[in-house]
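Trainee: coords below, sequence missing:
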């Protein structure tokens, strides 16, 4: 069901992409499972143009739990750091799926990027992914990154389920006494695993991401339905959002997760947290990795990178 006030898709290329998905959406996630979804995603990634060349890319294991990560450095000089948490319904997505986006992020912002290969469901349900992300942020914020050429503030950034993990990591670090990242950047984040916001119904199908696929991912990551309204998995339900880092929250108009992202931005602002919030008109979920599909999606990604560059300039 479309919303009466909704605007058209942002360009003809994005409209053609969405129409192709509507014509051939493929089987639902719950019908094929995580292994098949990961294989299909790898084929899509392999068919995508490679990301831009960058000064240094290095795979590292970091933190007390030896979490696998990939470090992107745009120049030999020391840089501040973005800890990047990829999306993928907590079940798919990996270092390769967001390699191009991380390269673009590092080059356009002049900032080092550490992409985190956190443990995924269903093999590793909640809280494994949050544990890994917190471990990496702690490693970076307590000087571990200095040996890898990192100096200055650390920002955490995530898209979709990665945005969920970024928000949860900030909440846990606040509650455990830090160290908090200097800021959080949340792109079309999952904040309500009960999927109770209106856009999960008005944008449920036909826009590239189906609400039922998100529901399946939530079931894999948090098998107990009663826990999905817990603030430890759904940050929108946190009783208190004070004391969290400044935030950039970017959502997309034609996205089933739009309303929960918008609501989380509003709640952060209401708790006194400095928030830069934008809902990208005519845009769909996952635009950060659609830059080779649509000029409008590429421009929306560029605006996010500009947000990060401005944020880093203010933090230095």
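Mentor: Yep, that arrived. Everything numeric here is computed off the predicted structure, so don't read it as measured data. Numbering: from 1, shown residues only.
Trainee: adjacent strands (with direction) for the helix or strand where residue 278 lies?
Mentor: Residue 278 belongs to strand 275-284 when assigned by DSSP states H and E. Strand pairing for strand 275-284, using DSSP bridges, gives strand 247-254 (parallel).
Trainee: what comes up buried for the strand holding residue 278?
Mentor: Neighbour-count burial for strand 275-284 flags 275, 276, 277, 279, 280, 282, 283, 284 (criterion: 16 or more other C-beta atoms under 10 Å). The C-beta positions use only the backbone N, C-alpha and C, and glycine is treated the same way.
Trainee: relative to residue 156, how far out is the third one?
Mentor: Note on residue 277: its distance to residue 156, by C-beta to C-beta, to the nearest Å, is 17 Å.
Trainee: tell me the confidence at the spatially closest residue to residue 181 that is not a sequence neighbour?
Mentor: Residue nearest to residue 181 in three dimensions, not counting chain neighbours: residue 156, with 4.5 Å by C-beta to C-beta, 6 or more residues apart in numbering. Looking at residue 156, its pLDDT is 98.
Trainee: now do residue 141
Mentor: Taking residue 141 on its own, its pLDDT is 86.
Trainee: wait, what's in contact with it?
Mentor: 154, 178, 179, 180, 181 (C-beta atoms under 8 Å, 6 or more residues apart in numbering).
Trainee: among these, which pair sits farthest apart?
Mentor: Farthest-apart pair in these is 154 and 178; separation 11.5 Å (C-beta to C-beta).
Trainee: and stretch 286-293, end to end?
Mentor: 11 Å (C-alpha to C-alpha, to the nearest Å).
Trainee: what lies in contact with it?
Mentor: 13-14, 17, 48-49, 87, 97-98, 100-101, 104, 159-160, 187-188, 208-209, 252, 280, 284, 294, 297-298, 300-301, 304.
Trainee: mark which of the residues you listed are buried, thanks.
Mentor: Buried among the contacts of stretch 286-293 by 16+ other C-beta under 10 Å: 13-14, 17, 48, 87, 97-98, 100-101, 104, 159-160, 187-188, 208-209, 252, 280, 284, 294, 297-298, 300-301, 304.
Trainee: among those residues, which ones are in strands?
Mentor: 159, 187, 252, 280, 284 (DSSP state E).
Trainee: of these, closest to residue 31?
Mentor: Nearest to residue 31 among these, with distances taken as C-beta to C-beta, is residue 284, at 22.3 Å.
Trainee: just to revisit the earlier point, could the ones in strands among the buried ones among the contacts of stretch 286-293 go into a markdown table alongside distance to residue 260 and pLDDT?
Mentor: Shown next, in a markdown table, are those (distance: C-beta to C-beta, whole Å; pLDDT from 0 to 100):
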| residue | distance to residue 260 | pLDDT |
| --- | --- | --- |
| 159 | 14 | 98 |
| 187 | 13 | 98 |
| 252 | 12 | 98 |
| 280 | 16 | 98 |
| 284 | 16 | 98 |
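Trainee: just put the residues you listed in TSV and tack on distance to residue 197.
Mentor: Converted to TSV, those look like this (distance: C-beta to C-beta, whole Å):
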residue	distance to residue 197
159	18
187	17
252	14
280	17
284	17
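Trainee: ranges for the helices of this structure?
Mentor: Secondary structure of the chain (DSSP state H): helices at 12-23, 29-47, 99-109, 128-141, 161-175, 199-202, 211-221, 258-270, 295-315.
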